[in-house]
Structures are given as C-alpha cells and as structure tokens.
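Chemist: Prediction below, plus the sequence it came from.
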Amino acid sequence: MLENWSMENFVWDIPTIMHFGKDVHEKIQFVLPQFGTRVLLIRGGESLVKNGVYKKIMHEIEAADMDFAEYKGIKANPRIEEVREATNLAREFQPDVILAVGGGSVIDSAKAVAASALYDNDPWDLYTGKLASEKAIPIVAVLTLAATGTEMNPFSVVQNGETRIKAAFSNKLVAPTFSFLNPAFTISVPRDYTAFGISDLVAHSMEAWFGAGEASLADRFVVSVIQEAREFGPALLKELDNYDLRARIMYAATCALNEITMFGRVSGDWGVHSFGHVFSLLYDIPHGATLSAVYPAWLRLMKDRIPERIMAFGKAVFGSETCDECIAEVEKMYASFLSPVNLQELKLSQYSRKDVVEHLVKSKASGYFHKLDANDYERILDLIES
C-alpha cells in the first residue's frame with residue numbers, strides 16, 4: 001500500500017513563543033525590554049480604544065518604561081500605502097521592537113515594516129521579490145481576531161492599489177518572536193467577522209490537504225483543526241461572548257497556519273486563496289468570505305482531476321463517500337459558519353466578470369500544485385455564479 005509513498009524532508013522551525021490564555025498580555029511589559037529601549041506600536045483604528053484593549057496595552061508599554069511611537073490606521077485587506085507610512089515612521093524612530101496589536105491585517109503590515117525598515121527599498125519590493133531581507137526588526141504580536149494564523153507564521157499578504165495586485169511574501173525573520181493570544185481580546189469582534197475568521201481557518205486547512213506531497217499525520221492535523229471549527233464555530237456564532245468558545249476557535253486558527261499541517265508536504269496549494277484575493281482586492285470584502293464562496297466551485301472544477309483526494313477528504317471530515325457528497329458537505333459547513341458559498345451570497349456591488357478575469361490573469365492566480373489557467377477561471381466563475 002505504501003510502497004510508492006514517502007514523506008518530504010522538512011525542517012520543523014516555528015520560531016514564535018506563544019502565550020495563550022487569560023491575561024497573558026500582562027507579560028508584555030517583561031518581554032519588550034528584552035529587545036532594547038524603543039518600541040513602535042502598530043495598530044488599526046479605534047476599535048481597540050472602544051473595547052479597552054488599547055488601554056491595557058498602553059499600561060504594558062508604560063510599565064516597560066520604553067520610548068514609544070505609534071502608527072495607527074491599518075485597514076482590513078491591508079494596503080501598501082499604510083505600510084509605507086509606517087515604514088517611514090520606523091526609519092525615523094528606529095525602534096528595537098515592533099508591537100503589532102490587531103488581526104491579520106495589522107500583523108501582516110507589521111511584518112512588511114519589520115523586513116523593509118532597515119533597507120532603503122520600497123516595502124512593495126518584498127512582495128515582488130526584489131528585496132529578500134537578511135535582517136528585520138523583531139515583532140511582538142497581540143492578536144485581536146482569530147483567522148489568519150499570522151501570529152505564528154512567516155507569511156504576509158498586502159494589496160497594492162496602484163498596480164491592483166494582492167501579493168504575499170514569506171521570511172522566517174518576520175515570524176513574531178512572541179505572540180500573546182488572550183481570547184478575551186476577541187470577544188468584541190462582531191458576528192460577521194467572527195464567521196469569516198472561522199471560514200478562513202478552515203480554508204487554510206483545506207489548502208494544506210490539497211497541497212503537494214503526502215503526509216498522513218499532517219492530514220490528521222488538518223482534520224482535527226476542521227473538526228474543532230465544525231464543532232465550536234456555529235456555537236460561538238450563537239454565543240459571541242463565550243470565552244471558552246473564543247479560545248477554542250482562536251487556537252484552531254493558529255494551528256491551521258503555523259505550518260504543522262504542512263510539515264512532510266512539498267507545499268499547500270493556495271489556488272483558492274489566489275482566486276479569492278482578486279475578489280477582496282476589487283470589492284474590498286473580507287478575505288474569509290471570498291474563500292468560502294470560491295472553495296465549493298474549486299472543488300467542483302477539481303472533482304474530475306483529483307477525485308480520490310476529494311473523496312478522502314470527505315470521508316475523513318464528514319464521513320461522505322463521493323465527491324458530490326463531499327462538496328455538498330463543504331457548502332453546508334460554510335453555511336453553518338454564516339459565510340457565503342456563491343456569488344449571490346457575496347453581495348458584490350457593481351460586479352464585473354470581465355474585471356475579475358482580467359485581474360486573475362494579471363495576478364497569475366493559480367495553485368502551487370493544481371494549476372489554473374484562463375479556461376479554469378471562466379469555469380470557476382460559472383460555478384460561483386450558478
């Protein structure tokens with residue numbers, strides 16, 4: 001059975017020290033001085049002030065007795081314009097450490113600042129491959145939205161309004177040195193963004209499952225993470241202030257993309273992500289919503305190409321037997337997360353199929369393992385629109 005099967009060589013390197021649980025943020029004051037005397041805080045808008053998290057973080061900075069500068073205003077679907085502004089501030093202030101407080105957009109932006117501030121390059125050079133940083137400002141992350149797993153990985157995604165491209169880079173140097181995950185900090189996240197975060201973590205797990213290479217234990221990690229989301233996600237959406245449910249989803253989101261689901265593989269696939277990025281770029285809609293809308297269509301495209309892998313996924317996660325049954329269960333799962341599963345549910349304003357196709361072509365949207373071409377774009381859009 002396994003005579004032609006072998007795991008890929010891999011290096012287990014997750015450099016982040018994660019503190020998880022109630023009041024763990026109170027250790028920040030002891031961590032920051034380990035890096036020096038100057039800290040740059042990067043955050044989003046005023047929601048941190050309204051929910052009281054900002055006051056708690058400022059207490060930690062003051063207790064650490066460090067020189068302090070702040071950049072605020074990172075938006076959802078982070079933009080290179082804000083990254084450039086924050087990078088300029090970092091170059092002027094010269095921090096010893098960056099404290100990133102927020103969700104994936106804030107932490108991804110902080111990673112770009114950390115990797116570019118010590119160079120003269122435009123931060124966008126990180127995403128085009130022109131800059132491969134060999135040094136970076138260390139990052140301490142405080143997570144306020146369970147979704148992307150960026151708090152424990154080396155990946156960053158940012159969009160460029162000028163080139164109209166959403167792109168990613170990876171560098172182990174920008175994986176947060178410390179991350180603080182207090183589930184109470186996510187209780188104020190509204191239902192829709194909580195839902196999209198759950199959809200995001202499931203999509204990350206699926207991208208690993210459908211990636212290149214075989215690794216049975218990694219598959220079991222994938223299934224376990226998804227089962228956590230299936231069991232506790234719908235319950236959380238009915239009880240948003242439940243700390244225990246917040247904690248379970250927060251931990252699942254971290255494990256979905258801290259690389260344990262991919263050790264032993266060549267890579268994840270990420271074709272659905274590259275497709276979904278175009279929707280979030282053009283229509284400024286939440287990342288997780290694009291993934292739940294695209295995944296069923298992608299599976300229908302792939303069911304004649306990789307039926308065994310889809311059936312294996314369905315059997316492991318849902319107990320289904322056929323590709324069609326698996327896809328139906330995936331749709332039911334995302335619906336249970338209150339996430340869209342087709343174009344109509346995405347509710348895009350001024351949708352233009354032509355624009356979507358043009359940007360898919362421009363961004364060369366494809367998976368690492370399961371390649372997509374222009375005909376596939378059209379077919380997936382047919383399936384999303386139906």
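Modeler: Perfect, I can see it now. Numbers count the residues shown, from 1 in each chain.
Chemist: what comes up buried for whichever strand or helix holds residue 229?
Modeler: Assigned by DSSP states H and E, residue 229 belongs to helix 216-238. For helix 216-238, the neighbour count (16 or more other C-beta atoms under 10 Å) marks 218-219, 221-223, 225-226, 228-230, 232-234, 236-237 as buried. Using the backbone N, CA and C atoms, a C-beta is placed for each residue, glycine as well.
Chemist: ditto for stretch 32-40
Modeler: Residues 32, 35, 39, 40 are the ones in stretch 32-40 that count as buried (16+ other C-beta under 10 Å).
Chemist: Pull the number of nearby residues for residue 9.
Modeler: Residue 9: 6 surrounding residues under other C-beta atoms under 10 Å.
Chemist: secondary structure element for it?
Modeler: Using DSSP H and E, no helix or strand contains residue 9.
Chemist: quick one: it from residue 15, how far?
Modeler: 19 Å (C-beta to C-beta, to the nearest Å).
Chemist: Same question for residue 346.
Modeler: 36 Å.
Chemist: Looking at these two, which has the bigger crowd around it?
Modeler: Legend: neighbour count by other C-beta under 10 Å for residue 346 and residue 15, higher for residue 346 (19 against 13).
Chemist: need the contact list for that one.
Modeler: For residue 346, the contact set (C-beta atoms under 8 Å, 6 or more residues apart in numbering) comprises 279, 283, 285, 289, 290, 293, 340.
Chemist: mind checking the SS state of the residue nearest to the second one when sequence neighbours are not counted?
Modeler: When you say that, I think you mean residue 283. Nearest residue to residue 283 in three dimensions, chain neighbours excluded: residue 348, at 5.0 Å (C-beta to C-beta, 6 or more residues apart in numbering). What DSSP: H, G, I helix; E, B strand; the rest coil gives for residue 348 is coil.
Chemist: Read off the pLDDT value for residue 348.
Modeler: Residue 348 carries a pLDDT value of 90.
Chemist: Next: residue 201.
Modeler: On pLDDT, residue 201 comes in at 98.
Chemist: that older thread, who's in contact with the helix holding residue 229?
Modeler: Contacts of helix 216-238 (C-beta under 8 Å, 6+ apart): 191, 194-195, 198, 201-202, 205-206, 208-209, 242, 245-246, 248-249, 251-252, 255-256, 260-265, 316-317, 333, 336-338.
Chemist: after that helix comes which helix or strand?
Modeler: Past helix 216-238, the next helix or strand by DSSP H and E is helix 243-256.
Chemist: ok so, going back, switch the contacts of residue 346 over to CSV; also include neighbour count and secondary structure.
Modeler: Formatted as CSV, these follow (neighbours: other C-beta atoms under 10 Å; DSSP: H, G, I helix; E, B strand; the rest coil):
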residue, neighbour count, secondary structure
279, 26, helix
283, 19, helix
285, 21, coil
289, 27, helix
290, 27, helix
293, 26, helix
340, 26, coil
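Chemist: Now distance to residue 366 and pLDDT too, for those residues, in JSON lines please.
Modeler: Formatted as JSON lines, those follow (distance: C-beta to C-beta, whole Å; pLDDT from 0 to 100):
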{"residue": "279", "distance to residue 366": "16", "pLDDT": "96"}
{"residue": "283", "distance to residue 366": "21", "pLDDT": "95"}
{"residue": "285", "distance to residue 366": "21", "pLDDT": "93"}
{"residue": "289", "distance to residue 366": "21", "pLDDT": "97"}
{"residue": "290", "distance to residue 366": "16", "pLDDT": "97"}
{"residue": "293", "distance to residue 366": "18", "pLDDT": "98"}
{"residue": "340", "distance to residue 366": "23", "pLDDT": "97"}
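Chemist: For residue 69, pull up the helix or strand it's in.
Modeler: Judged by DSSP H and E, residue 69 forms part of strand 67-72.
Chemist: what's the average pLDDT for that strand?
Modeler: Mean predicted confidence for strand 67-72 is 98.
Chemist: Mind listing the strands it pairs with, and their directions?
Modeler: The pairing partners recorded for strand 67-72 under DSSP bridges are strand 38-43 (parallel).
Chemist: can you give me how far the partner strand is from the chain middle?
Modeler: Between the centre of strand 38-43 and the centre of its chain there are 21 Å (C-alpha atoms, centre = their mean, to the nearest Å).
Chemist: Tell me the first helix or strand C-terminal of it.
Modeler: Once the chain leaves strand 38-43, the next helix or strand it forms, by DSSP H and E, is helix 47-50.
Chemist: following that following helix, which helix or strand comes up?
Modeler: Going down the chain from helix 47-50, the next helix or strand is helix 53-64, by DSSP H and E.
Chemist: what does that following helix contact?
Modeler: Helix 53-64 has contacts (C-beta under 8 Å, 6+ apart) with 25-26, 28-30, 32-33, 39, 41, 43, 48-49, 68, 99, 101, 142, 144, 185.
Chemist: Chain neighbours aside, what residue packs nearest to the residue nearest to the spatial centre of the chain?
Modeler: Centroid-nearest residue in the chain, with C-alpha atoms, centre = their mean: residue 148, separated by 2.4 Å. The shortest distance from residue 148 to any non-neighbouring residue, by C-beta to C-beta, 6+ apart, is to residue 104 (3.3 Å).
Chemist: so who does the one you found touch?
Modeler: 145, 147, 148, 150, 157, 287.
Chemist: Now, those that are in strands?
Modeler: Within these, residues falling in strands by DSSP state E are residue 157.
Chemist: Domain ranges for the chain, per the record?
Modeler: Under the assignment automatic domain parsing, the domains of the chain span 17-186, 191-385.
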